[in-house]
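J.: Make a model of this:
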Amino acid sequence: MSTEGRTLDHAARVRAHQRRTAVVQWIRRTHGWFGLWGAVLGLLFGFSGIWLNHRNVLKLPQAQERTRAQLALPDPVPDTPEAMGQWLQGALRMSGPPNSSRIEAAKPVAWADKSDKTAPALTQPAHWVFNFGGPNEIVQAEYWQGNRSVGVSTTHNGFVATLTNMHKGGGMPLPWILLVDTLAGSLIFLSLSGVALWMLTHRRRRVGLVLFGASLLAMLTLAVGAL
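T.: Coordinates of the predicted model:
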């Protein structure tokens, strides 16, 4: 190979190395920023995730105090779920509207005796359930249409139970859910960028591929076995 050819080949290798270095530096910087963004939430979700994962096997306690009460309805009774939710917000002194609600229309009961055609059809009345509160306190109001009162169940959560509710999004507002979505996206990026950094900065790539494949296989095996 001529001197000019060797020079061109060397220049091409230098440019390729520079591009590779630039890519690695960008991935490292971005990896670091994403990790910093999710650091605090990662600690929260890591702790609560370990607790949730072992709570049944190790019988880990979650300090909770439940109370039940009956709340008399006004006259006239709110006749729509929207009106009932607004009335409950004021009656229960909640700072905001229900976080969620479940509305079940009236329907025939499945256990009714259908052999007697002359007997009147038995119908289950409409059932409305409203959930208020946040991760530290959950208030559930249950109303059966036709009753003159609403059943109210209040759950006061301890520190660990509050963390697990934050982990699961129980009673959390939309901004929190969107914030957690950014953490989930960060974890996806950190996983992909971590694999990319290994492949770009280690010569023993086969070892990395074996470790990655083994972890993926173990996860799939355990997941399929649990189905």
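J.: who touches stretch 24-40?
T.: For stretch 24-40, the surrounding residues in contact (CB atoms under 8 Å, 6 or more residues apart in numbering) are Thr182, Leu183, Ser186, Leu187, Phe189, Leu190, Ser193, Gly194, Ala196, Leu197, Leu200, Thr201. Any C-beta I mention is one placed from the backbone N, CA and C, and that applies to glycine too.
J.: Just the element for the fourth one, please.
T.: Assigning secondary structure by DSSP states H and E places Leu187 in helix 174-201.
J.: Strands of the protein, residue ranges please.
T.: 64-72, 100-104, 107-108, 123-124, 127-133, 137-144, 149-157 (DSSP state E).
J.: what about the second one, average pLDDT?
T.: What it means is strand 100-104. Averaging pLDDT along strand 100-104 gives 91.
J.: same question, the last one
T.: Model confidence over strand 149-157, given as mean pLDDT, is 92.
J.: Point out the other helices and strands that it packs with.
T.: strand 64-72, strand 137-144 (3 or more CB pairs under 8 Å, 6 or more residues apart in numbering; DSSP states H and E).
J.: Mean pLDDT lowest where, among those strands?
T.: Lowest mean pLDDT of the helices and strands packed on strand 149-157: strand 64-72, a mean of 89.
J.: elements contacting that strand?
T.: strand 149-157.
J.: Quick check: the closest residue to Pro78 other than its chain neighbours vs Pro76, distance?
T.: In space, Pro78 comes closest to Met84 once its chain neighbours are excluded; the distance is 4.2 Å by CB to CB, 6 or more residues apart in numbering. In this structure, Met84 and Pro76 are 12 Å apart, going by CB to CB, to the nearest Å.
J.: higher neighbour count, these two?
T.: Met84 (22 against 7; other CB atoms under 10 Å).
J.: Leu227 is nearest to which of the strands of the chain?
T.: Each of these has some distance to Leu227 by CB to CB; the shortest is strand 100-104, at 27.8 Å.
J.: in that closest one, what counts as buried?
T.: Ser101 (16 or more other CB atoms under 10 Å).
J.: Done for today, thanks.
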